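Q: Could you look at this predicted model? Sequence included:
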Amino acid sequence: MYKFSILLSAAVLSLSSCESLHQQNSSPSRNFSFEDISADIGLMSQKSWKYGGPSLADFSGNGRYDFVIGNHDEYPLALWFTDDNGQVSQYPEPLRSGDVHGSAPADYDNDGDVDIIISVGGGNGTMPAPPRLLRNDDGVFKDVTIGSGLENLGARGRSVRWIDMDLDGDLDLFHVVARQIPGETGPRNTVFENIGAGKFVFRESPGIQEIEAERVLVTDFNNDHISDLVLFEPLSLWQGDGSFVYKEVTDNILPKSFDHHEFITAAADADIDNDGDRDLYFSRGKTYYQTANNSVDFDPNTGRLDLRDEGNESHDGISFKATGAVTLREFWHWRRKKGLVLPVYLGSQKIRIETPVDRTKITQDLATGFPERVDEDGWYLGYLGDHQWRLEWRLIGNAAWDVRASLEGISSVSPDWIPQNYNNLSDILLENRNGRFEDISDRLPPQTRDSNWGVTHGDFDNDGYEDFFIYRFGKLSQRVPDILLRNKSGKDFEAIIEHGAFPGETNAHGDMGAAFDFDLDGRIDLLNGDDDRGYWYLYKNNAEEVGSHVIVNLGYSQDFTDPLAAVVMVEATDGFKQVKDVGSSGAVHSQSLMSILHFGLGERSGPFQVTVRWRDGQREIINLPVANQIVDVGRFPEAK
């Protein structure tokens with residue numbers, strides 16, 4: 001048990017000298033400048049598959065965010081600590097290796113430090129596994145799953161969420177899993193009640209127990225201080241009553257004409273208009289399996305052809321023109337069948353070459369003709385004469401999750417099928433009006449109509465309005481810049497592409513991240529993960545034209561209730577009011593404990609009133625004379 005120090009009044013720390021500022025009345029275009037500081041701070045990562053965004057929390061208790069960054073299978077789940085000098089160091093042991101999915105930090109045992117739970121896969125249904133519970137014992141994370149009550153209900157895990165479902169002060173667990181395979185019995189999703197002493201018991205919760213979903217956002221869309229659930233996909237909304245019961249209210253609170261329930265990849269709740277309630281942003285796109293079905297990118301200017309297809313039993317092909325030799329590159333398959341090899345067979349003689357990874361030039365003479373029989377796993381390439389070429393691929397059985405190929409030197413293409421339009425989906429913005437949502441997606445700029453995999457929010461220019469950062473899948477084998485959506489006074493949004501938070505040309509894809517003030521300089525930074533063998537990046541916000549701010553570092557209530565789902569409100573004398581709660585800045589499979597809350601204040605200099613309400617109903621009010629402050633509110637354990 002940690003010894004708490006009680007702060008009867010807030011400790012106010014000045015970050016910078018504050019000049020007299022005037023209230024902002026307009027919303028001019030801003031210049032944003034992000035810088036990759038990953039190497040400078042010591043953040044190292046490998047090219048890896050991701051599984052949604054990071055989990056943020058102050059694990060070390062020093063008033064800075066630490067983060068858990070997920071890697072799906074090739075590399076382990078890693079915890080990185082941030083020290084007082086803004087350098088990061090990795091926890092010496094992997095939190096979890098193997099088929100790792102979502103993670104969620106929280107103090108489930110109420111001992112003053114932050115623990116973590118991890119959702120893991122179930123071997124495509126063949127090896128159902130429970131979530132793994134890691135207890136933080138004085139900075140050492142110990143797997144205490146066995147004996148906790150969680151170990152007997154395994155599944156194909158996807159997302160985990162800590163929620164006080166019965167409002168008794170401790171945190172219960174909601175585990176969202178993948179669709180059950182034929183013959184699998186028991187509940188699909190599981191709810192566990194925290195009964196104290198580190199123990200959990202399964203609780204029946206009809207409705208959410210059977211619902212089709214793999215991802216979830218925890219929010220409070222009716223402002224009753226009881227956590228509600230946004231499950232997707234398909235999209236469904238569930239209202240909690242504080243007794244482990246959730247009532248589906250999808251049709252009651254969504255617009256009658258709303259029909260975009262599919263292809264939702266991530267969700268974020270943010271009060272975009274400062275009216276005190278939580279509005280919802282949904283990124284929409286096609287996932288790997290949905291994209292991997294007759295998808296083609298062809299650029300006639302560069303002569304590059306990229307294609308992707310599903311890895312089930314199939315025989316497909318594409319014809320194209322090339323006046324000279326063609327170059328093969330990045331032929332790849334996401335292996336499903338053990339030992340699967342997909343070589344390339346050239347011409348009518350089926351000359352075998354190994355799967356091209358680096359650029360491999362194929363002349364017309366080398367690939368003359370086309371084989372009569374396409375009867376083995378692999379790629380078949382032939383030159384038919386008169387600049388005509390033919391590429392086919394064959395899979396015997398469900399051998400791969402997807403197959404991919406890139407070719408250069410092409411002048412035109414003619415697929416055997418109509419390529420799917422995989423990157424033409426519209427994101428969704430719903431405005432909360434007294435607990436009911438109105439679709440205001442028409443306020444979003446056209447750049448958001450793409451295949452987007454993630455969304456996070458924060459006030460990047462401190463003008464007093466929450467902005468969004470949208471992670472774009474991009475092209476099949478080429479990264480495109482993500483989008484910073486600047487909120488213009490709660491009425492409109494400006495798409496900013498040239499912001500610097502972009503790794504450049506790579507064959508990885510935008511996935512998910514988190515917006516937070518990493519270095520506590522008053523500007524919101526970005527921790528971004530690129531999927532498809534990409535890296536993790538920490539981008540520092542170097543924007544010069546920003547307003548003032550307040551940072552509220554929230555501890556426990558006076559009765560030791562942890563800060564998850566606490567509500568914090570900052571008010572100014574001119575009527576400005578902004579409300580945030582402790583949770584995540586965006587959600588896919590992982591959850592965050594974002595108890596260091598950043599408030600942009602525009603050109604207001606003070607005074608301000610900070611009001612905190614913990615989920616146990618306790619309140620605390622702090623008066624701040626000036627802006628640009630960090631204020632500690634509540635009770636804090638001793639830093640480790």
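A: Perfect, I can see it now. Numbers count the residues shown, from 1 in each chain.
Q: Need the distance between the two termini of stretch 569-587.
A: The first and final residues of stretch 569-587 sit 22 Å from each other (CA to CA, to the nearest Å).
Q: gap between that stretch and the chain center?
A: 22 Å (CA atoms, centre = their mean, to the nearest Å).
Q: Go through that stretch and flag the buried ones.
A: The neighbour-count check on stretch 569-587 (16 or more other CB atoms under 10 Å) flags 569-570, 572, 576-587 as buried. Heads up, the C-betas are built off the backbone N, CA and C, glycines and all.
Q: next one: stretch 399-407
A: 399-400, 402-407.
Q: and what of stretch 165-184?
A: Buried residues in stretch 165-184 (16+ other CB under 10 Å): 165-167, 169-178, 180.
Q: Kindly reformat those residues as CSV containing pLDDT and secondary structure.
A: Listed next are the buried residues of stretch 165-184 as CSV, based on pLDDT from 0 to 100; DSSP: H, G, I helix; E, B strand; the rest coil:
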residue, pLDDT, secondary structure
Met165, 98, coil
Asp166, 97, coil
Leu167, 97, coil
Gly169, 96, coil
Asp170, 97, coil
Leu171, 98, coil
Asp172, 98, strand
Leu173, 98, strand
Phe174, 98, strand
His175, 97, strand
Val176, 96, strand
Val177, 94, strand
Ala178, 90, coil
Gln180, 77, coil
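Q: Show me which of those is closest to Asn223.
A: Nearest to Asn223 among the buried residues of stretch 165-184 is Leu167, at 15.2 Å by CB to CB.
Q: Surely the closest one is in contact with Trp614?
A: No: the pair Leu167 and Trp614 does not pass the contact test of CB atoms under 8 Å, sitting 11.5 Å apart.
Q: Could you work out the most separated pair of the buried residues of stretch 569-587?
A: Ala572 and Ala587 (29.5 Å).
Q: Tell me how far Pro563 lies from Ser595.
A: Noted for Pro563: a distance of 4 Å to Ser595, by CB to CB, to the nearest Å.
Q: what is in contact with those two at once?
A: Residues touching both Pro563 and Ser595 (CB atoms under 8 Å, 6 or more residues apart in numbering) are 554-555, 582.
Q: Mind checking which of the buried residues of stretch 399-407 land in helices?
A: The helices, defined by DSSP state H, take in nothing from the buried residues of stretch 399-407.
Q: Out of the residues you listed, the closest to Asp532 would be?
A: Once CB to CB is applied, the member of the buried residues of stretch 399-407 that ends up nearest Asp532 is Arg404, at 9.8 Å.
Q: Dig out what the closest one forms beta bridges with.
A: Arg308, Trp332 (DSSP bridges).
Q: who's in contact with it?
A: Arg404 neighbours (CB under 8 Å, 6+ apart): 306-308, 330-333, 476-477.
Q: So what does the nearest residue to Gly409 once chain neighbours are set aside look like in phi/psi?
A: Spatial nearest neighbour of Gly409, chain neighbours left out: Val326 (4.4 Å); criterion: CB to CB, 6 or more residues apart in numbering. Backbone dihedrals for Val326, given as degrees, to the nearest 10, come out at phi -110, psi 150.
Q: these two touch, right, Val326 and Arg359?
A: No: if you go by CB under 8 Å, Val326 and Arg359 don't touch, sitting 10.6 Å apart.
Q: out of those two, which sits in the more crowded spot?
A: Val326 (23 against 11; other CB atoms under 10 Å).
Q: I'd like the distance from that one to Gly70, if you could.
A: 38 Å.
Q: Out of the contacts of Arg404, which comes closest to Ile146?
A: His333 (37.4 Å).
Q: residue contacts, that closest one?
A: 311, 340, 342, 355, 399-400, 402-404.
Q: In a markdown table, list those residues along with pLDDT and distance to Leu526.
A: Below are the contacts of His333 laid out as a markdown table (pLDDT from 0 to 100; distance: CB to CB, whole Å):
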| residue | pLDDT | distance to Leu526 |
| --- | --- | --- |
| Gly311 | 93 | 33 |
| Leu340 | 94 | 37 |
| Leu342 | 97 | 37 |
| Thr355 | 95 | 36 |
| Ala399 | 93 | 38 |
| Ala400 | 94 | 33 |
| Asp402 | 94 | 29 |
| Val403 | 96 | 33 |
| Arg404 | 96 | 28 |
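Q: With respect to Ser38, which of those residues is nearest?
A: Taking the contacts of His333 together and measuring to Ser38 by CB to CB, the closest member is Arg404, at 27.1 Å.
Q: Asn487 contacts Gly464, correct?
A: No: using CB under 8 Å as the test, Asn487 is too far from Gly464 to be in contact (9.2 Å).
Q: Now do the strands in the stretch 451-600 of the chain.
A: Under the criterion DSSP state E, counting those that start in this stretch, strands of the stretch 451-600 of the chain are mapped to 452-458, 467-472, 483-488, 492-496, 509-516, 525-531, 536-541, 548-554, 567-572, 577-581, 596-602.
Q: and of these, who's closest to Arg373?
A: strand 509-516 (36.2 Å).
Q: Show me what Phe174 is bridged to.
A: Residues in beta-bridge contact with Phe174 (DSSP bridges): Arg161, Val191.
Q: out of the buried residues of stretch 399-407, who's nearest Arg443?
A: The closest of the buried residues of stretch 399-407, once distances to Arg443 are taken by CB to CB, is Asp402, at 35.1 Å.
Q: so who does the closest one touch?
A: 288-289, 291-292, 308-311, 333-334.
Q: rerun at 6 Å
A: Applying CB atoms under 6 Å, 6 or more residues apart in numbering, we find Asp402 in contact with 292, 308, 310-311, 334.
Q: same deal with Asn294?
A: 417, 419-420.
Q: coming back round to it: from the neighbour counts alone, determine which of Pro563 and Ser595 ranks first.
A: It is Pro563, of Pro563 and Ser595, that has more neighbours when counted by other CB under 10 Å, with 28 against 25.
Q: thought that one was touching Leu593?
A: No: Pro563 lies out of contact with Leu593 (CB atoms under 6 Å); the separation is 7.4 Å.
Q: where along the protein do the helices fall?
A: Under DSSP H, the chain gives helices at 38-41, 250-253, 288-291.
Q: Report the buried residues of the second one.
A: Pointing back at helix 250-253 there. 250, 253.
Q: Check the shared contacts of Pro563 and Ser595 against Glu151 and report the nearest one.
A: Out of these, the member with the shortest distance to Glu151 (by CB to CB) is Val582, at 28.9 Å.
Q: my read: that closest one touches Pro563, true?
A: Yes: assessed by CB under 6 Å, Val582 is found in contact with Pro563 at 4.8 Å.
Q: joint contacts of the two?
A: Ser595.
Q: what's near enough to touch Val120?
A: 99-100, 129, 157.
Q: before we move on, the earlier item: reformat the shared contacts of Pro563 and Ser595 as CSV; add distance to Ala367 and pLDDT.
A: Formatted as CSV, the shared contacts of Pro563 and Ser595 follow (distance: CB to CB, whole Å; pLDDT from 0 to 100):
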residue, distance to Ala367, pLDDT
Leu554, 65, 98
Gly555, 68, 98
Val582, 61, 98
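Q: Not counting its neighbours along the chain, what's nearest Gly196?
A: Excluding the flanking residues, the one nearest Gly196 by CB to CB, 6+ apart is Asp170, at 6.7 Å.
Q: how far away is the one you found from Val341?
A: Asp170 is 52 Å from Val341, by CB to CB.
Q: One more: Asn194?
A: 49 Å.
Q: Give me the more crowded residue out of those two.
A: Asn194 (24 against 12).
Q: Show the pLDDT at that one.
A: Note for Asn194: predicted pLDDT of 98.
Q: Can you tell me the closest non-neighbouring residue to it?
A: Using CB to CB, 6+ apart, the nearest residue to Asn194 is Asp170, at 4.5 Å.
Q: right, and the one you found touches Phe192 too?
A: No: using CB under 6 Å, Asp170 is not in contact with Phe192; the gap is 11.5 Å.
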